[in-house]
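1. Here is my input; please provide its structure:
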Amino acid sequence: MIDFRYHLVSIVAIFLSLAVGLVLGATALSDPLLGTLKKESNAAIKRSEELRARQLELLKQIEGEEQFSRTVARQLLAGRLKDQSVVLVETPGAGQESLNKISELLGEDAAGATVTGRVTIQKKFLDDDQLATLDQLAEQLRPAQMKFSDGAGPYDKAGQVLAAALLTGDSAKALRDDASGKATLEAFKSAGFVTVSGKPAQHATLAVMVAPSSPYQDGADVDNRALISLAGALDSAGRGTVLAGPTTAAGEGGLIAALRESDAADEVSSVDVIDQSSGQVVTVLALESQIAGKTGHYGTGEGAGAYLPTPAPAPGGSG
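-> A predicted model of the protein is given here:
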């Protein structure tokens, strides 16, 4: 009869054999596996280094293109907007730096236009709780000859009244002091809907509206429609309007994206690369095309038909 000691020795032998088998098996498999992992790791490191080098190359290229655009901008734009005047309209959340650079390129030392001033739309203008006040103000300030279309909402009315105070389609009437326009702007300013600098009530012939850098969050669709309504009113009151902003404004929920999907896209041009030097040049070219009755959507974002007007208008052709 087999005793307990024999069973114990047998069991120990079996487990020992299993352990030795596992060790030998792991050792036999580890060398090829480690070799494969090492090759894949080296390949990933090499690819990462290649991508980093390519990134640095592209950054240098972009810097060079930006430098080129800044250097030739004034020469390229010289006199293109001679005898024209431009008002700048800043939306809530728009970047100041791009707006300032646009103003420089529009001026007499570059495109030759006169910048009448700047109107900054305040957040209160887009506040749903202020719709009744905005509607009442627009009704009070409406010029006697102005008619609102059937079904016009508060933003439609306010946009039409503001546009009439800022723009004219007749160059002979531009850059003239207008007591009525000044009173309109002062009323909107006193109500907290806008702030102004310069002399925007003197009436410009063209307008550049700058879109917010980031899409609005709560109520974005309503806010975008309100500003698109204003852009359309500006275009109708003058000789042309361009809505410009960074690429983010052409992304989902952005103001430029909303414009390009609206009926106003047939009248108001857009540029989605205003944060780049070349994009600021394109904005001026888009204004010139507006004078010629051509609407376009430029840049690199969704809905852009080209990077710039093609063919670019000849210098001095819009004077």
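
2. Quick check: Gly245 touching Ser214?
-> No - at 10.0 Å, Gly245 and Ser214 do not qualify as touching, with contact defined as Cβ atoms under 8 Å. The way it works is simple: take the backbone N, C-alpha and C, and place the C-beta from them, glycine included.

3. where do the helices sit along this protein?
-> Ranges of helices in the chain, per DSSP state H, are 4-77, 96-106, 131-141, 154-166, 179-190, 220-237, 255-260, 277-291.

4. ranking these by burial, who's on top?
-> helix 255-260 (a mean of 26; mean count of other Cβ atoms under 10 Å).

5. May I have that one exported as PDB, CA atoms only?
-> These are the backbone C-alpha positions of helix 255-260, laid out as PDB (Å, rounded to 0.1, in the frame of the first residue of the first chain):
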ATOM      1  CA  LEU A 255     -20.100  83.300 -36.200                       C
ATOM      2  CA  ILE A 256     -18.400  82.900 -39.600                       C
ATOM      3  CA  ALA A 257     -19.700  79.400 -39.900                       C
ATOM      4  CA  ALA A 258     -23.200  80.600 -39.100                       C
ATOM      5  CA  LEU A 259     -22.900  83.400 -41.700                       C
ATOM      6  CA  ARG A 260     -21.800  81.000 -44.400                       C
END
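
6. neighbouring contacts of that helix?
-> Outside helix 255-260, the residues that touch it by Cβ atoms under 8 Å, 6 or more residues apart in numbering are 91, 211-212, 215-216, 221, 224-225, 227-228, 231, 243, 245, 249-251, 265, 268, 270, 272, 297, 301-303.

7. again, only using 6 Å
-> Contacts to helix 255-260, defined as Cβ atoms under 6 Å, 6 or more residues apart in numbering, come from residues 211, 224, 227-228, 243, 245, 249-250, 265, 270, 272, 297, 303.

8. Ok, stretch 166-185 next?
-> The contact list for stretch 166-185 (Cβ under 6 Å, 6+ apart) reads 85, 87, 141, 165, 196, 200-205, 237-239.

9. Also stretch 272-280?
-> Contacts for stretch 272-280 (Cβ under 6 Å, 6+ apart): 66, 69-70, 98, 101-102, 105, 244-247, 250, 256, 271, 283, 299, 301.

10. for stretch 123-142, same thing?
-> Counting contacts by Cβ under 6 Å, 6+ apart, the residues outside stretch 123-142 that touch it are 92, 154, 157-158, 161, 184, 187, 191-193, 223, 226.

11. Check stretch 263-270 too.
-> For stretch 263-270, the surrounding residues in contact (Cβ under 6 Å, 6+ apart) are 228, 231-232, 235, 241-243, 256, 259, 286, 290, 295-297.
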